[in-house]
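J.: Any chance you can model this:
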Amino acid sequence: MSKLFSTTCVPALAGRENNPYLRRYAQEEDGFVTVFAVAIIGLLVIIAGISFDMQRNEMERVRVQNTADRAVLAAADLDQQLTPSEVVQDYFDKAGIPDRANSITVEEGLNFRTVSVNSDSSTATNFMNILGIDELPLRSFAEAEERVNNVEISMVLDISGSMSEGDKMSNLRDAARTFVDAVINDSTEDLVSVSIVPYSEHVSAGPDLMSRFNVNWNNPYSHCMEFSDSDFDTTRLRRDKQYGQVQHFQWGYNGYDNDRSTPVCPNGADEDVVAFSQNVDALKYKIGRLVPRGSTSIFAGMKWATGLLDPDFRTINADLAQAGKTDTAFAARPAEFDDFATLKTVVLMTDGQNHYSYRINDNYYANYSHAAHWDRYNLNWYLSRYVSSYYHNSFKYLKYWPDYGDSLLSNVCDAAKEKNIVIWSIGFEVTDHGANVMRDCASSPSHFFRVEGVEIKEAFRAIARQINQLRLTQ
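T.: Predicted coordinates for the structure are as follows:
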């Protein structure tokens, strides 16, 4: 039996091992590769489908969010005539997603309006439903607020002689009137006060305001106060200090005529400071009466602008309000610097740069008789005709000059910024030097506008928009 098995089975096994077809079949793996590849491709398709669904959901969310942001900005505008809900829904309707504005909330009061819109919906899936996910959540929220807090504005306007060139003065008047219309309206009643500080070589406080200060009077003709260097290191206008009175005279630019129309201190009521008003007609009338005259002392205008915003001025303003000289609604102004419900801001405009300013030596301006003399004679004209040139310098001295004025302006601007007073500055057809000085004074480079011609109107309009700006709160 052993022999028989040996001779019949061994050759059969050997033949199988040497068969090339059988050997290839034993090594074949193609079937396994095909199954794995199909599994991978299926997985990739599912991932791509998930990605598609999620991207489509995100695109829709962005569209809803952008629509909501625009809608609430428009709806929160206090000048908006339509109801906030109507405005929001109209935006969503026009965007082709009328059903996305699920919840519109409006809060408003005398001086504010807050509008929010919530979208809590979903987008249907095209591929993820294979995994049992039929929709993806779509949520967005937008809120906008316009809030006119208490606002104290000092508008400082250059009325120096260079403003007579071309259309400068008419462009300024149009721009300043536009600003007044933009910041004062029915919705800001008793909330926004505007003070106007016209300046040239000095600032005329006017008799009512000047009488509230301790002044060492030297003439009966005008109402400008002399400041010391240290006065420009602070925003205060002090009642506990005796100020000098700026002399009333005109030094002029030549000695050819006895012109006395533009004295160092303006002496016309149209050029006096207006404090704490919300009377649009009166403010615009005041602006319309301003005329170009004299030299340029930007630092003097800025000093008065900050002084009107300093809380130390409150007792003076209360006196003026009681006497009917300022609006009684603002009798408690200026607010404290740490009153975060109150915005204090200066809009400072010039068409040039700080210039020269002279004074008559004290021995030639010692009493009212001397003041009357210089009311009759232009200083330069008088000196050229009645005084030997050898003695000219003994009659007068230079009180301010450009670099000195720039330094004083920088000091008072820094003092204002330390108190969080927002300073906007406008360089109207200025030189590069003038632009740099005004940019330095502004709260930031973006608070400075350099403009030409009618562009000044847009600068004032832009500043007004910023003061009443809308902001996205979330």
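J.: Would you map out the domains in the protein?
T.: As given by automatic domain parsing, the domain ranges for the chain are 30-147, 150-472.
J.: mean confidence score for the last one?
T.: Translated: domain 150-472. Averaging pLDDT along domain 150-472 yields 95.
J.: which residues of the stretch 1-150 of the chain score low on pLDDT?
T.: Applying pLDDT under 70 to the stretch 1-150 of the chain picks out residues 1-33, 35, 42, 45, 49, 110-111, 148.
J.: sorry, back to before: deepest of the domains of the chain, which one?
T.: Compared across those, domain 150-472 shows the largest average neighbour count, a mean of 19 (mean count of other CB atoms under 10 Å). All C-beta spots, glycine's among them, are computed from the backbone N, C-alpha and C.
J.: And the helix ranked longest in the chain, how far out from the chain middle?
T.: Counting by DSSP state H, the longest helix found in the chain is helix 30-76. Mean C-alpha position of helix 30-76 versus that of the full chain (CA atoms, centre = their mean, to the nearest Å) differs by 42 Å.
J.: I'd like to know which elements that helix is packed against.
T.: helix 84-94, strand 112-124, strand 135-147, strand 471-472 (3 or more CB pairs under 8 Å, 6 or more residues apart in numbering; DSSP states H and E).
J.: Turn these into a markdown table, including distance to Val387.
T.: Converted to a markdown table, the helices and strands packed on helix 30-76 look like this (distance: least, CB to CB, whole Å):
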| stretch | distance to Val387 |
| --- | --- |
| helix 84-94 | 73 |
| strand 112-124 | 65 |
| strand 135-147 | 63 |
| strand 471-472 | 63 |
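J.: Now do the contacts for the nearest residue to Gln247 once chain neighbours are set aside.
T.: Distances taken as CB to CB, 6 or more residues apart in numbering place Tyr365 nearest to Gln247, at 5.3 Å, with adjacent residues excluded. By CB atoms under 8 Å, 6 or more residues apart in numbering, Tyr365 lies in contact with 218, 247, 249, 359, 371, 374.
J.: so which helix or strand takes in the last one?
T.: So the one you mean is Trp374. In the assignment (DSSP states H and E), Trp374 maps to helix 368-376.
J.: what angle do the next helix or strand after that helix and helix 368-376 make?
T.: Per DSSP H and E, helix 368-376 leads on to helix 379-386 as the next helix or strand towards the C-terminus. Angle, helix 379-386 to helix 368-376, by axes from the mean of the first three to the mean of the last three CA atoms, to 10 degrees: 90 degrees.
J.: For the nearest residue to Asp272 once chain neighbours are set aside, grab phi and psi.
T.: Using CB to CB, 6+ apart and skipping the chain neighbours, the partner closest in space to Asp272 is Gly206 (3.1 Å). Backbone torsions of Gly206, given as degrees, to the nearest 10, read phi 90, psi 160.
J.: Next up, the contacts around Gly206.
T.: With CB under 8 Å, 6+ apart, Gly206 has these contacts: 223, 269, 272-273.
J.: Just flag the most distant two among these.
T.: Ala269 and Val273 (10.8 Å; CB to CB).
J.: any idea how far the residue nearest to Gln247 is from Tyr391?
T.: As judged by CB to CB, to the nearest Å, Tyr365 and Tyr391 stand 15 Å apart.
J.: same thing with Ser204?
T.: 31 Å.
J.: Looking at the helices and strands packed on helix 30-76, spot the one closest to Asn66.
T.: strand 135-147 (9.1 Å).
J.: Does anything pack onto that closest one? Which helices or strands?
T.: Using 3+ CB pairs under 8 Å, 6+ apart, strand 135-147 sits against helix 30-76, strand 112-124, strand 471-472.
J.: returning to that earlier point: max pairwise distance over the contacts of Tyr365: which two?
T.: Largest pairwise distance in the contacts of Tyr365, by CB to CB, is 12.9 Å, between Arg359 and Ala371.
J.: Now list whatever residues contact both of the two.
T.: 247, 365.
J.: Three-state assignment for Met156, please.
T.: That one is not Met; residue 156 is Val. Secondary structure, DSSP: H, G, I helix; E, B strand; the rest coil: Val156 is strand.
J.: ugh, typo on my part, it should be Gln81
T.: Classification of Gln81 by three-state DSSP places it in coil.
J.: where does it fall, phi/psi-wise?
T.: According to degrees, to the nearest 10, Gln81 has phi -80, psi -30.
J.: and the gap between it and Ala74?
T.: In terms of CB to CB, Gln81 sits 11 Å off from Ala74.
J.: element containing Tyr243?
T.: Assigned by DSSP H and E, Tyr243 belongs to strand 242-245.
J.: Quick one: distance of whichever helix or strand comes after that strand to the chain centre.
T.: For strand 242-245, the following helix or strand on the C-terminal side (DSSP H and E) is strand 274-277. Taking CA atoms, centre = their mean, one finds the center of strand 274-277 at 21 Å from the center of the full chain.
J.: Show me what strand 274-277 pairs with in its sheet, parallel or antiparallel.
T.: strand 192-199 (antiparallel) (DSSP bridges).
J.: and the very next helix or strand once past the strand it pairs with, what other elements does it pack with?
T.: For strand 192-199, the following helix or strand on the C-terminal side (DSSP H and E) is helix 207-210. Applying 3+ CB pairs under 8 Å, 6+ apart, one finds that helix 207-210 contacts helix 314-322.
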